[in-house]
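> generate coordinates for the sequence data below:
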Amino acid sequence: MGRLKNIYICFPQGKHKVLTMSYDDGRQEDRRLVEIFNKYHIKGTFHVNSGLTEDPNRLKEEEWAEVYKGHEVSCHTVLHPTISRCPIDQVALQILEDRRRLERAVGYPVRGMSYPNGSYTQEIVDLLPMLGIEYCRVVGDTHDFAMPENFLTWKSTCHHNHNLLENGKRFTELFKTQYLYMMYVWGHSFEFPRDNNWELMEEFCRLTGNREDTWYATNIEIVDYMKAGKQLKFTVDGDLVYNPSAVELWIAVDGQNLRIPAGACVKL
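Below you'll find the predicted structure:
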């Protein structure tokens, strides 16, 4: 019998922490928010209502690709209804038509979403994969850094008005590499001028950005990476691993970080 090994999935470059940001409604203030994220090399996901662009407070369709370049555009339904009250076929249309419009504007498949008004039912959760949606954010805060059990009911660490700097400081101080930690922040960019607290986000990004131990990812990048990680094929002896995915993956074997290239079989 071969010696058993401790084998862990890691984030890229063997990191064990990931930070992701999630902002709703496609508002004009997203411009400034993206600038702050870019300054500190932080990545965000922006959930956009494609049917509300006549509102002057919202970005126009032709602006999405440029404003959100380097980040992720995600669904938020066409018209932002409280979908738990809507006929299920109308919910499907709200999501599919949002995807269609967003995809035509940004030029890639849109595969994520946040529930408008935080509204959903189990029937809607079950419907999402059939509509091409692979994750969806709920409202509320966990105030912890665990990976979600179900990406279709993904709850964030905190809203930016809910102990953001305290949670950020706790996150930067995490050091136990036997765990995967995720900090997930959500909100709406229009809240910053309303509450006169842009400096809060600047300070948070200054605190948590540009760190060697942290991966900075969009929501869909995390989903894709974790799904690919589950596809790794190990021998019983734990001496070989095959990566059938198109994603480069990282694992730790008895504390040593190893890169597993896409399509490769690697000796451990």
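
> mind checking the SS state of I124?
helix (DSSP: H, G, I helix; E, B strand; the rest coil).

> contacting residues around it?
I124 makes contacts with 83-84, 88, 91, 115, as judged by Cβ atoms under 8 Å, 6 or more residues apart in numbering. Heads up, the C-betas are built off the backbone N, CA and C, glycines and all.

> what's the closest of these to N197?
Y115 (24.9 Å; Cβ to Cβ).

> looking at that closest one now. What's its pLDDT?
pLDDT recorded at Y115 is 98.

> what's the burial count for it?
Y115 has 26 neighbours, counted by other Cβ atoms under 10 Å.

> thought S245 was touching Q231?
Yes. Counting by Cβ atoms under 8 Å, Q231 is a contact partner of S245 at 5.1 Å.

> the more surrounded of the two?
Legend: neighbour count by other Cβ under 10 Å for S245 and Q231, higher for S245 (18 against 12).

> poorly predicted segments of the stretch 1-150 of the chain, please.
Applying pLDDT under 70 to the stretch 1-150 of the chain flags the ranges 1-2.

> rerun at 90
Residue ranges of the stretch 1-150 of the chain with pLDDT under 90: 1-3.

> let me see the ranges of the helices in it.
30-39, 64-67, 88-106, 122-127 (DSSP state H, counting those that start in this stretch).

> what sits up against the second one?
Outside of helix 64-67, the residues that reach it under the criterion Cβ under 8 Å, 6+ apart are 26, 30-31, 34, 48, 59, 73, 102, 105-107.

> among these, the buried ones, what's the PyMOL command?
Applying 16 or more other Cβ atoms under 10 Å to the contacts of helix 64-67, the buried members can be selected in PyMOL as follows:
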select buried, resi 26+30+34+48+59+73+102+105+106
